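> pasting the structure only:
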């Protein structure tokens, strides 16, 4: 695994990171969290620039989830059922994501990034439900940025022990999800607060 990640990063650099994450979000079997953590490790030892790693990781994950949204918007549920298994999206996973989407709504676009297997489906669901592109971008891109920064930071602070991310994700996955939920709630409250301030400012005019 480490050799393959080294080959990807050192041969294709930041662009390789973006493309790999984009394909991983769409459904290609890419070890997303491990790739992000390894990139954070390389940023920590000076091989890569931390800011460029974050930017490229965000752009890649945002591109992947946007492509998934557009596929869901254009081709709908029949496409996902027919080709989903080829992208490692089983019918059971699709049904589970539909249930979660009904329960959590747009917030799932944020929280889904922190649940392996779920982030690959949420954007398809959003597209099939005809969610407005602006709303989709706000929630999905918030999730993409939070997810990217978190795992890059884990690799950054773990240093040479970056491979422990596998153990970390396995044993502390709930904590990661909780972090995502707190981040999502904070963004939501901030957005509501700004909107209310704008409304009050307009009323004063």
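Structure received. Computed from a predicted structure; not experimentally measured.

> could you list the low-pLDDT ranges of the protein?
Within the chain, the stretches with pLDDT under 70 are 1-6, 83-91, 93, 116-117, 162-189, 201-205.

> show me where it has its helices.
For the chain, applying DSSP state H gives helices covering 2-26, 32-44, 50-83, 91-104, 108-111, 119-128, 133-158, 165-204.

> need the ones you listed in JSON lines with mean neighbour count, can you?
In short, each C-beta sits where N, CA and C put it, glycine included. Listed next are the helices of the chain as JSON lines, based on neighbours: other CB atoms under 10 Å:
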{"stretch": "helix 2-26", "mean neighbour count": "17"}
{"stretch": "helix 32-44", "mean neighbour count": "24"}
{"stretch": "helix 50-83", "mean neighbour count": "19"}
{"stretch": "helix 91-104", "mean neighbour count": "15"}
{"stretch": "helix 108-111", "mean neighbour count": "26"}
{"stretch": "helix 119-128", "mean neighbour count": "26"}
{"stretch": "helix 133-158", "mean neighbour count": "20"}
{"stretch": "helix 165-204", "mean neighbour count": "13"}
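
> how far away is residue 38 from residue 118?
From residue 38 across to residue 118, the span is 22 Å (CB to CB, to the nearest Å).

> ok, residue 121 touching residue 113?
No: in this structure, residue 121 is not within contact of residue 113 by CB atoms under 8 Å, at 11.6 Å.

> give the contact list for residue 191.
The contact partners of residue 191, by CB atoms under 8 Å, 6 or more residues apart in numbering, come to residue 138.

> distance check, it against residue 102.
The gap separating residue 191 from residue 102 is 22 Å, by CB to CB.

> swap in residue 56?
Computed as CB to CB, the residue 56 to residue 102 distance reads 34 Å.

> go on, residue 139?
16 Å.

> ok, now residue 159?
Distance, residue 159 to residue 102, by CB to CB: 42 Å.

> ok, now residue 66?
For residue 66 relative to residue 102 (CB to CB), the value is 23 Å.

> residues contacting the closest residue to residue 148 other than its chain neighbours?
In this structure, residue 148 finds its nearest non-sequential neighbour in residue 57, 4.0 Å apart by CB to CB, 6 or more residues apart in numbering. The contact partners of residue 57, by CB under 8 Å, 6+ apart, come to 17-18, 21, 36, 39, 148, 152.

> can you put those in CSV and add distance to residue 46?
Below are the contacts of residue 57 laid out as CSV (distance: CB to CB, whole Å):
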residue, distance to residue 46
17, 17
18, 21
21, 22
36, 18
39, 13
148, 20
152, 15
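
> which one of the residues you listed sits closest to residue 74?
When the contacts of residue 57 are compared for distance to residue 74 (CB to CB), residue 21 comes out closest, at 22.1 Å.
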